[in-house]
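Q: here is a sequence with its predicted model. Questions after.
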Amino acid sequence: MDSHRSGEKTQLRALAEGLGWPYEIKTLRYRNYEMRTNLLRGSDLRGVDRANSDALAPPWPDLVLSMGMRNEPVARWIRDQSGGHTRLVFLGRLWSDPEQFDLVITTPQYRVPNRPNVLRNALPLHPLGPEPLARAAARWSPALSHLPRPYLTVNIGGTSGPYAFGPRAAARLVRDTLALARQRGASLLISSSARTPAAAIDAFATQSQVPMQLYRWQPGDPDNPYLGFLALADEIIVTADSISMLSEAYATGKPVHMFDPGAGRFSMRRDMALALGERDRAEALLRQNEGRPDLSLGSLAYRGLMRWGWKHLSRDISQMHLRLVQSGRMGWLGQPVPAAKEAPPPSDMERAISRIGQLMETKPSGTPGTSRRAERISQL
């Protein structure tokens with residue numbers, strides 16, 4: 001069952017393709033009051049706008065892959081209609097208890113309770129591997145041959161959860177990116193996303209100090225160079241608001257710099273220090289970081305929800321940043337980062353596929369990292 005967020009769509013498609021079994025994608029539209037069903041742990045279609053959704057009818061599937069809180073009641077309804085035959089695998093964050101699903105595949109930023117059926121991966125699932133990256137490099141290399149090497153790829157997200165991304169963050173990103181590009185003698189390959197504020201991409205568009213290829217995101221664009229920029233990069237900068245983009249950048253094996261769009265008390269690096277219990281370091285970072293953060297009502301409300309609200313309703317991406325830095329996978333922009341890796345990184349996809357194979361008592365036929373569906377990742 002498809003999700004409405006592009007990063008979630010990518011994970012679901014990657015896992016479905018990785019399994020190697022025949023599958024269908026069901027896209028659902030929801031009514032404004034569908035939260036009532038979630039609150040009551042429902043198992044029905046009352047929240048679904050059935051006239052504008054794909055049909056759900058027999059024969060019922062052996063397996064449902066789903067993600068997103070709104071899909072939970074529908075997944076349980078399908079299992080009920082199948083007489084308990086259908087197995088449910090849910091990705092990411094849950095509203096309900098994990099015991100209501102056969103397998104939950106999640107990552108550290110989500111506060112999912114520990115259960116025997118919970119698999120905690122290091123990073124979100126994605127379809128990238130050596131073959132899709134090689135195809136993307138071959139496709140885009142001629143179009144970028146006019147730019148001198150090395151290439152510094154920059155992937156820009158936007159406001160996410162407690163972190164607002166506005167003009168101040170955009171100015172810092174341009175400043176720090178140009179400093180690194182000049183230090184490396186690099187050309188820039190810049191790609192925006194659905195959440196990227198106009199201020200960020202416009203700030204790069206006006207710079208003329210460094211050679212550059214810039215792409216403004218468009219929905220469903222078959223000529224989106226996102227994969228090509230990743231494949232051809234010598235180093236990568238990713239705004240750290242997007243865990244999916246961080247995961248995809250790490251899959252390349254290239255050095256990855258995380259950009260902190262926050263500042264002051266709302267800095268990601270400060271939140272990471274607090275997550276470690278290092279209050280002295282957090283205060284030191286606060287004194288060193290004199291920049292002013294971008295603020296928005298939504299990000300402030302989310303920060304309050306994280307502190308005082310029900311944990312199921314929020315995520316804490318500082319937990320992801322902490323693990324990425326501690327494991328030596330990435331570093332913050334402006335600080336030393338690990339060298340490029342000769343061997344491919346460990347595969348969370350393989351772990352997920354193995355657990356589903358155990359659940360279904362049969363061996364999946366897919367091969368992670370070889371699917372051509374990876375080439376659609378940037379169009380979502």
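A: Cool, the structure landed.

Q: and residue 113, which of the three is it?
A: Per DSSP: H, G, I helix; E, B strand; the rest coil, the local secondary structure of residue 113 is coil.

Q: count of residues packed around it?
A: Around residue 113 sit 12 other residues, with neighbours defined as other C-beta atoms under 10 Å. Every C-beta, even on glycine, is put in place using the N, C-alpha and C of the backbone.

Q: OK, contacts around it?
A: If a contact means C-beta atoms under 8 Å, 6 or more residues apart in numbering, then residue 113 has 97-98 as its contacts.

Q: hmm, residue 159 and residue 298 touching each other?
A: Yes: A contact is recorded between residue 298 and residue 159 when judged using C-beta atoms under 8 Å, the distance being 7.1 Å.

Q: the two: which has the busier surroundings?
A: Neighbour totals were compared for residue 298 and residue 159, and residue 159 leads with 20 against 13 (other C-beta under 10 Å).

Q: residue 172 is in contact with residue 262, isn't it?
A: No: with contacts defined as C-beta under 8 Å, residue 172 does not count as touching residue 262, sitting 9.9 Å away.

Q: looking at the two, which one has more neighbours?
A: Counting neighbours by other C-beta under 10 Å for residue 172 and for residue 262 shows that residue 262 has the greater number, 25 against 20.

Q: regarding the more buried one, what is its secondary structure?
A: What three-state DSSP gives for residue 262 is coil.

Q: wouldn't residue 203 be in contact with residue 171 here?
A: Yes: with contact defined as C-beta under 8 Å, residue 203 and residue 171 form a contacting pair (6.4 Å).

Q: out of the two, which sits in the busier spot?
A: For residue 203 against residue 171, the residue with the higher neighbour count under other C-beta under 10 Å is residue 203, and the figures read 19 against 14.

Q: from residue 69, how far off is the more buried one?
A: Between residue 203 and residue 69 the distance is 34 Å, computed by C-beta to C-beta, to the nearest Å.

Q: next one: residue 101
A: 13 Å.

Q: joint contacts of these two?
A: Both residue 101 and residue 69 are in contact with residue 94, where contact means C-beta under 8 Å, 6+ apart.

Q: which one's more surrounded, these two?
A: Of the pair residue 101 and residue 69, residue 101 is the one with more neighbours under other C-beta under 10 Å, namely 23 against 18.

Q: pull the longest helix from the protein.
A: When every helix of the chain is counted residue by residue (DSSP state H), the longest turns out to be helix 167-184.

Q: what's it packed up against?
A: The criterion is 3 or more C-beta pairs under 8 Å, 6 or more residues apart in numbering; DSSP states H and E, and the helices and strands that helix 167-184 contacts are strand 151-155, strand 187-191, helix 198-205, strand 235-239, strand 256-259.

Q: helices or strands up against the first one?
A: When contacts are defined as 3+ C-beta pairs under 8 Å, 6+ apart, strand 151-155 sits against helix 167-184, strand 187-191, helix 226-232, strand 235-239.

Q: same check, this time on the fourth one
A: Here strand 235-239 touches strand 151-155, helix 167-184, helix 243-251, strand 256-259, going by 3+ C-beta pairs under 8 Å, 6+ apart.

Q: residues in contact with the closest residue to residue 258 other than its chain neighbours?
A: In space, not counting the residues next to it along the chain, residue 258 is nearest to residue 240; the distance is 4.1 Å by C-beta to C-beta, 6 or more residues apart in numbering. Shown in contact with residue 240 (C-beta under 8 Å, 6+ apart): 246, 258-261, 268, 317, 321.

Q: can you redo the residues you listed as a markdown table with neighbour count?
A: What follows is the contacts of residue 240, written out as a markdown table (neighbours: other C-beta atoms under 10 Å):
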| residue | neighbour count |
| --- | --- |
| 246 | 26 |
| 258 | 25 |
| 259 | 23 |
| 260 | 27 |
| 261 | 27 |
| 268 | 23 |
| 317 | 23 |
| 321 | 24 |
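
Q: just checking, residue 359 touches residue 105?
A: No: with contact defined as C-beta under 8 Å, residue 359 and residue 105 do not form a contacting pair (10.9 Å).

Q: who's more crowded, the two?
A: residue 105 (26 against 15).
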